[in-house]
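A.B. asks: Whatever this is, show me its structure:
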Amino acid sequence: EALDTRIQNVNERGDTVPPVAGRDSDGDGLSDYEEILLGGDSTTRLRVGERVDLNLGLYAQAGQTLKIVGRLPPGLTFNATTNRLTGVLGGTAAFYDLQLQVISGGKIVKTVIVPLVVEAFPARLLGSYEALLENTNDVPQGMVRVTVTQSGLWSATLDVRGTARRSSKGSFELMAGSRQVNLPMVFKGSKTAEEATVQMILDIDSPQVSGTYSIVSSVGAVRGIRMATFGASPPTTRRMNMVLDAGEQDGVAYPAGLGWAKGTVTNKGAVNLAGELGDGQKMTLSLRLGVTGQSLAWVQPYRNKVDSYFGGVLPVPNLGQPASMLPALELGAVWFKAADAKELSYEAGFAAPLSVTAIATAFDPVKTSADLETILGLTAQTLNVEIQGAGLSSITGVPIILPTSFTLASSFALTTKTPVSGPPAAWTGKINKADGGLTGTLTLPASANTLAGKAAATGILLRGLTDNSVGGGILRVPVSGKKGQFRTASLLLQR
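C.D. replies: Presented below is the predicted three-dimensional model:
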């Protein structure tokens, strides 16, 4: 009778329009009427990880007390003074058959069945995530890596320009009816690092993560992806090669070299690459494969770690892993080198960050040069070569005549196809059949822009591209200055 009276009162107030009597929209055993009276949402099922706050006092009249009989879901408690059932649901999916006893004068005057159907914590949220921290100019400032270890718990690490890696951990709650989760993370400051706050939004229905970050010296957006699990990785460890193209540069104000990296992707989604940036700086990338078929990079390989960096979204080729999830992130990286008098190349640094496009392909070891010729699509064992930048040009042949093609020998040596006439620029080089790496030396005469000496070449081969490109790399061109000073030219290999 009391319940019927309260339903009538709700109708008379006019501030709530209850559904049809007896309907159970979320199928949890409580009618929509009851859920409205209990302060719940009639269209939402309870899930592990959600906060519950039900006012059971609506079942009691003046002078009556309430008692819950039965096993409560983990995380919930009943306060007999306030008559509220509250807490964050824990445990696993289960059905809880409870009784609510209405007591008056020490006697049970009414019993109400309160069945609670609790669904499991969304399994899609469990796992690891990575996201770039990008300022208002879309320039990376660092990276956050997060693992949702179990329902409602997370742990994370944060890398920010010029500071050591920090860690943090905490808890979160699912919002009733929402398929997104907000992780509020705080990374404490220190004498050498400002406190950082990150708000990361996870979405059950999307492989992408978003959010915002705030540091005293920088604010901006968070952009990232969910990491691949064992099932979303290649079936076996495979090799991949990558060229890092910062656009056409003169090799003087900015490096002209084509950066490169080579390495493997394991069947557990670990992406391990090593190579060089376009200025010859060695770089190691320990990345993770994302479910979008991409990896996020953030490294500071230079001595000047306050301002120099390389970071962005890199592609991972098809290595046999399942189809990538959509939507994917926009590809692209940003590279910046700050001034450092100790550097042997481009000691003045860059005037502005450079945008970098990464091109990646699979590469399987080959046994013979004929096999390599086939997978690269070469004709007559010939690779055309273009050298540009830092005062050199194989196209104009001025001031030094350079090789314009290589012949792939059976020993995997790269030899000049025809003798080079004019000022000598002798070449020796070879291909590593195991990983497609290129090494070589170009012996340069003195010119107005270069010193006489050996220009070391490094690079990588790519296979399966739709254009004629089959690889790229860097030529270290010796120039005047302190011992070992050099600039870089690009080394482009084509069919």
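A.B. asks: close enough to count as contact, residue 50 and residue 86?
C.D. replies: No - counting by Cβ atoms under 8 Å, residue 50 sits too far from residue 86 to count as a contact (11.7 Å). Where you see a C-beta, it was placed from the backbone N, CA and C, and this is true even at glycine.
A.B. asks: Who has more neighbours out of those two?
C.D. replies: Ranked by neighbour count (other Cβ atoms under 10 Å), residue 50 and residue 86 place residue 50 first, with 23 against 15.
A.B. asks: what's the closest non-adjacent residue to that one?
C.D. replies: residue 174 (4.5 Å; Cβ to Cβ, 6 or more residues apart in numbering).
A.B. asks: looking at the protein, which helix or strand is least sure?
C.D. replies: Lowest mean confidence among the helices and strands of the chain (mean pLDDT, DSSP states H and E): helix 2-13, at a mean of 35.
A.B. asks: can you count the residues close to residue 436?
C.D. replies: Number of residues near residue 436 (other Cβ under 10 Å) recorded here: 27.
A.B. asks: That one contacts residue 260, doesn't it?
C.D. replies: No - with contact defined as Cβ under 8 Å, residue 436 and residue 260 do not form a contacting pair (9.9 Å).
A.B. asks: ok, the nearest residue to residue 64 once chain neighbours are set aside - contacts?
C.D. replies: Excluding the flanking residues, the one nearest residue 64 by Cβ to Cβ, 6+ apart is residue 104, at 4.8 Å. By Cβ atoms under 8 Å, 6 or more residues apart in numbering, the contact set of residue 104 is 63-65.
A.B. asks: For stretch 428-446, measure first residue to last.
C.D. replies: 19 Å (Cα to Cα, to the nearest Å).
A.B. asks: Could you pull out the buried residues of it?
C.D. replies: Neighbour counts over stretch 428-446 (16 or more other Cβ atoms under 10 Å) mark 429-431, 433, 435-438, 440-442, 444-445 as buried.
A.B. asks: Next: stretch 365-383.
C.D. replies: 366, 369, 372-373, 375-376, 378, 381, 383.
A.B. asks: so what sits against both of residue 436 and residue 260?
C.D. replies: Joint contacts of residue 436 and residue 260 (Cβ under 8 Å, 6+ apart) are 241, 460.
A.B. asks: just to revisit the earlier point, what distance do you get for the residue nearest to residue 64 to residue 54?
C.D. replies: Distance, residue 104 to residue 54, by Cβ to Cβ, to the nearest Å: 21 Å.
A.B. asks: One more: residue 361?
C.D. replies: Taken as Cβ to Cβ, the span from residue 361 to residue 54 is 57 Å.
A.B. asks: Repeat that for residue 322.
C.D. replies: Look at residue 322 and residue 54: by Cβ to Cβ, they are 42 Å apart.
A.B. asks: of these two, who's got more company?
C.D. replies: Neighbour totals were compared for residue 322 and residue 54, and residue 54 leads with 22 against 13 (other Cβ under 10 Å).
A.B. asks: isn't the more buried one right next to residue 82, touching?
C.D. replies: No - Residue 54 lies out of contact with residue 82 (Cβ under 8 Å); the separation is 11.1 Å.
A.B. asks: doesn't residue 318 fall inside a helix?
C.D. replies: No - judged by DSSP: H, G, I helix; E, B strand; the rest coil, residue 318 forms no part of a helix; its state is coil.
A.B. asks: Listing request: residues of this structure with sub-threshold pLDDT.
C.D. replies: Along the chain, segments meeting pLDDT under 70 span 1-44, 417-424.
A.B. asks: Helices along that one, start to end?
C.D. replies: Using DSSP state H, the helices of the chain run over 2-13, 32-37, 369-376.
A.B. asks: Surely residue 492 and residue 469 touch.
C.D. replies: Yes - here residue 492 reaches residue 469: they are 6.9 Å apart, a contact under Cβ under 8 Å.
A.B. asks: Among those two, which residue is more densely surrounded?
C.D. replies: Legend: neighbour count by other Cβ under 10 Å for residue 492 and residue 469, higher for residue 492 (20 against 17).
A.B. asks: so what's residue 440 closest to, chain neighbours aside?
C.D. replies: Using Cβ to Cβ, 6+ apart, the closest residue to residue 440 is residue 429 (2.6 Å).
A.B. asks: got a list of what the one you found touches?
C.D. replies: Contacts of residue 429 (Cβ under 8 Å, 6+ apart): 406, 413-415, 438-441, 457.
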